[in-house]
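Q: This is the structure alone, sequence omitted:
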Ligand SMILES: Nc1nc2c(ncn2[C@@H]2O[C@H](COP(=O)(O)OP(=O)(O)OP(=O)(O)O)[C@@H](O)[C@H]2O)c(=O)[nH]1
C-alpha cells in the first residue's frame, strides 16, 4: 500500500456557500467561490431524526457523523430537547441534523410544526426492531401524516433499526410486517400518496452508512450527473466499481449505475478508515488535516483486486475497485480521473452560482457546462478509452 501526503492546503480558508451541497472544493481560488460563511443555519436543509425513546437516534448520529464507536453509544444519555447538529464545516453535505427527544409531544401547543417541517429535506423515523414496535408504528403514523400536511415534499425514511440482533429470516419478516402495517395505516386515512422508504439498519455494521447514503443522495440535485460522470469514468478506465465518498461520514454521495454489492462498499469504507488513521499518525504534523489535495492511496489485495482512492474535493474522494491487470494502465486511469475531477468541480460550480443567482442559471457558465443539469456529462469527448482510442 502506498499513501502520499500532500502539502498543506495553501488556500487557507475554505469557501462556504449557502447551497446544498455547499463546499465542494478548496475555496474561492480554485473553484471561483467566495468565502461566505454567513450561511444562515435556518436556510440550511435539515434531516430530522425521530422515533421513540431509546430507539437509537442519537447513536446513529454519533456513529455516522462523529466517529463514535458503536460500543460507546451504550453510555449515551437520553436526549431531552431537540439537538441541532450543524455539519456544514466538517462534511460535504450542507445540512443540519435535528435529533429529537423520544418523548416529544406533537400535541403540545409549543410544538411549532410549521417551523420544523418547512425546510426539512428528509424525516428519518427510527424503529427499534428488537422491541415491540406497535407503539412505534402509531407514532410513525402520527408523525409522518402531520409532517406531510405541512410539507408534502419531505422524503420519509423509516429505519428499522438494531437488526444486528435478528436472524436473516426475522429481518425480512419484520421489514415486511412494518411495511404492511405502516402503509395500511396511511391508506386508512387516505394518505396513499405519502411514500415511505424502508431500510434495515444497525450501527454495528455498514448498513447504517449505506442507508444514510441513500437518504442523502435523494437530496442531491446533481446525483444523475454525478452518476453519469462515474459511468463514463469507469467504462473508459477498466474500473469495476467507483464510489464518490464523503470522507468524514463515509456516506457515498454517488456511485456508477452498476449494482452496489455490500462487500465492495465495506472494503471501500475500510480503506477510508485505514487512510485517515495512517494519515493522522504519520501525516505531516504541520498540516493538521488527515486528508488534503494530494491524498491518494493504493491497496493491493491478495485476490488480484486493487483499491484506488483519490481526492476529488476538500470533502470528497473517489474510491475505485478494479482488477490488477487494469491497474497496469494507471496513466490512463489518472488521465481520466483528471477529466472526471474537473467535471465534478464544474458541476458544483454551476450549482453554487445558480443558487446565488436566486435559482436562475448563470449565463456565463451555460455555454461551457450546459450539460450539468441534464444527465449528460461535461468533458465526455476528452476521456481516453482503455482500448487506446480517445473519446
Ligand atoms: N444492538 C443495537 N443497539 C443499538 C443500536 N443503535 C443504538 N443502540 C443502543 O440503543 C440504546 C439507545 O440509544 P440512543 O441513541 O440513546 O437512543 P435515542 O433514540 O437517542 O434515545 P432518546 O434520546 O431517549 O430518545 C443505546 O444503548 C445504544 O447503544 C444498534 O444498531 N444495535
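A: Everything's here; your move. Bear in mind that the values here come from a model prediction, so they are computed numbers and not experimental data. Numbers count the residues shown, from 1 in each chain.

Q: Going by contacts, tell me the helices and strands next to the strand or helix carrying residue 176.
A: Per DSSP states H and E, residue 176 falls inside helix 168-188. When contacts are defined as 3 or more C-beta pairs under 8 Å, 6 or more residues apart in numbering; DSSP states H and E, helix 168-188 packs onto helix 134-150, strand 155-161, strand 196-201. Any C-beta I mention is one placed from the backbone N, CA and C, and that applies to glycine too.

Q: Most tightly packed of those?
A: strand 155-161 (a mean of 24; mean count of other C-beta atoms under 10 Å).

Q: For that strand, the averaged confidence score.
A: Averaging pLDDT along strand 155-161 yields 96.

Q: what comes up buried for the host helix or strand of residue 47?
A: In this assignment (DSSP H and E), residue 47 forms part of strand 46-51. Buried residues in strand 46-51, counted by 16 or more other C-beta atoms under 10 Å: 46-51.

Q: what's the answer for stretch 217-234, then?
A: Here stretch 217-234 shows 217, 219-220, 222, 224-234 as buried, counting by 16+ other C-beta under 10 Å.

Q: now do stretch 169-184
A: Across stretch 169-184, burial judged by 16+ other C-beta under 10 Å covers 171, 174-175, 178, 181-183.

Q: With stretch 260-273 instead?
A: Buried residues in stretch 260-273, counting neighbours by 16+ other C-beta under 10 Å, are found at 260, 264-265, 267-269, 271-272.

Q: and what of stretch 55-69?
A: The neighbour-count check on stretch 55-69 (16+ other C-beta under 10 Å) flags 55-65, 68 as buried.

Q: Repeat that for stretch 298-307.
A: Neighbour-count burial for stretch 298-307, counted by 16+ other C-beta under 10 Å, picks out 298-299, 305-307.

Q: And it, end to end?
A: 6 Å (C-alpha to C-alpha, to the nearest Å).

Q: what's that stretch in contact with?
A: 1-2, 267-268, 271, 274, 297, 308-309, 319-327 (C-beta atoms under 8 Å, 6 or more residues apart in numbering).

Q: again, only using 10 Å
A: Among residues not part of stretch 298-307, those counted as contacts by C-beta atoms under 10 Å, 6 or more residues apart in numbering are 1-4, 239-240, 264, 267-268, 270-272, 274-275, 297, 308-310, 319-328, 330.

Q: Kindly report the residues of the stretch 51-200 of the chain close to the ligand.
A: 51, 53-59, 73-74, 76, 78-79, 101-102, 161-162, 164-165 (C-beta under 6 Å from any ligand atom).

Q: Give me the subset of those residues lying in helices.
A: 57-59 (DSSP state H).

Q: ok, those residues vs residue 130, which is closest?
A: Closest approach to residue 130 among those (C-beta to C-beta): residue 59, at 13.0 Å.

Q: ok, that closest one touching residue 126?
A: Yes. Assessed by C-beta atoms under 10 Å, residue 59 is found in contact with residue 126 at 9.3 Å.

Q: show me what contacts residue 272?
A: By C-beta under 10 Å, 6+ apart, the contact set of residue 272 is 243, 245-250, 291, 297, 307, 309, 317, 319.

Q: Which ones, among those, also lie beside the ligand?
A: Okay, of the contacts of residue 272, nothing touches the ligand (C-beta under 6 Å from any ligand atom).

Q: which one of the residues you listed is nearest residue 343?
A: Scanning the contacts of residue 272 for proximity to residue 343, where the rule is C-beta to C-beta, the winner is residue 317, at 15.6 Å.

Q: Contacts only, for the closest one.
A: Contacts of residue 317 by C-beta under 10 Å, 6+ apart are 243-247, 268, 271-272, 275, 291, 295-297, 309-311.
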